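Colleague: 3D, please:
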Amino acid sequence: MAAQQEPSPLAAGTRLDAYEITGVAAIGRYSIAYHARDGAGTEVLIKEFLPHEFALREEGTVRPRDPDDRTPFRFWLRSFLDQAQLLQKLNHPGLVQVLRQFEAGGTGYHVTGRPAGETLASILERGAALGEAQLRRMLAPVLSGLEQAHAVGLLHRDIRPENLLLRADDKAVLTDFGMLRAPVRFKSRTVFGSGQPPYAAPEESFMAGPHGPWTDLYALGAVAYRVLGGQPPPDARSRGNGPALAPLALIAQSRCSEAITTAVDQALQLQAERRPQSVAAWRALLQGEVASDAPPAEAAAAVFPPEAAA
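Modeller: Residues are numbered from 1 along each chain as shown. Below you'll find the predicted structure:
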């Protein structure tokens, strides 16, 4: 059974619409990313929708493993393509640029640019020390980009060091939006989230409340906790029955302002309603201002509806 669920990436040299695949960049749980180039030789990244647990590639065509899963597969695929269309319209310097989207071979693809820089994950793995000033420079364009994405109903839902690309000026670009915009009910199980522990908010693992901007802010808080504290927070799934989260001020590796430690600790609250409810509210905390009254999580239902595929 395990062998049947092995990913089957496209081979180098494969022609895909107007692009030629040059290699595999990464294989995720629900997608495969490829290095590619267009007819003019410009290098791009192509993200292929391929949730290996539920779909396979057979004779060049992607299809659901279980015929009964055709409807949820198409629902998820349509959501994946719609996400790319919204991101194309944003075109924000803090977000990876989506150039186009298309369908081919039974599945869908996002084509994005390839911004220069190094992932925050790679920098942290080298043991590099990042201080508060550098973190703030990194966060500024990401927060601005997320604010625009949230305004059109888009959540990232997979913010982690691997998906933050740092440029030479320390400003970050947020890449690789998460694959899920709503739960998808397959025959074998329901997929609730695409975020990865320890950066994923608790609602990404089970239906612990609605998703909204507070979901992305939890992940950003976890990233900031890792940068300044030298270690990620415990997995949200274990925090309810485990030891309390150590406040950032107690573990920070260098001197940090009260504003940033307070903002990070509030973003990492397990209860969604206790976190800042918007980028603007979290920005106010980061700046040491009094945050305005935040709307309850339910108020975002019109922008982030809790829809699911039957």
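Colleague: next one: phi and psi at Q134?
Modeller: Main-chain torsions, Q134, degrees, to the nearest 10: phi -70, psi -40.
Colleague: is it true that it touches D170?
Modeller: Yes: counting by CB atoms under 8 Å, Q134 does reach D170; the two are 5.3 Å apart. Backbone N, C-alpha and C define where each C-beta goes, glycine included.
Colleague: how about the strands in the stretch 151-300 of the chain?
Modeller: 164-166, 172-174, 184-185, 190-191 (DSSP state E, counting those that start in this stretch).
Colleague: Now do the third one: which elements does it pack against?
Modeller: The one in question is strand 184-185. Packing partners of strand 184-185 (3 or more CB pairs under 8 Å, 6 or more residues apart in numbering; DSSP states H and E): helix 70-90.
Colleague: Which positions within the helix it packs on qualify as buried?
Modeller: For helix 70-90, the buried set under the neighbour-count rule, 16 or more other CB atoms under 10 Å, comprises 72-73, 75-77, 79-81, 83-84, 87-88, 90.
Colleague: Please apply the same query to stretch 36-54.
Modeller: Under 16+ other CB under 10 Å, the buried positions of stretch 36-54 are 36, 44-52, 54.
Colleague: got JSON lines for those residues, with distance to A259 and pLDDT too?
Modeller: Formatted as JSON lines, the buried residues of stretch 36-54 follow (distance: CB to CB, whole Å; pLDDT from 0 to 100):
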{"residue": "A36", "distance to A259": "43", "pLDDT": "97"}
{"residue": "V44", "distance to A259": "39", "pLDDT": "96"}
{"residue": "L45", "distance to A259": "36", "pLDDT": "96"}
{"residue": "I46", "distance to A259": "40", "pLDDT": "97"}
{"residue": "K47", "distance to A259": "36", "pLDDT": "96"}
{"residue": "E48", "distance to A259": "42", "pLDDT": "97"}
{"residue": "F49", "distance to A259": "40", "pLDDT": "96"}
{"residue": "L50", "distance to A259": "43", "pLDDT": "96"}
{"residue": "P51", "distance to A259": "40", "pLDDT": "94"}
{"residue": "H52", "distance to A259": "43", "pLDDT": "92"}
{"residue": "F54", "distance to A259": "44", "pLDDT": "96"}
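Colleague: and of the residues you listed, the nearest to D265?
Modeller: For the buried residues of stretch 36-54, the closest approach to D265 (CB to CB) belongs to K47, at 33.7 Å.
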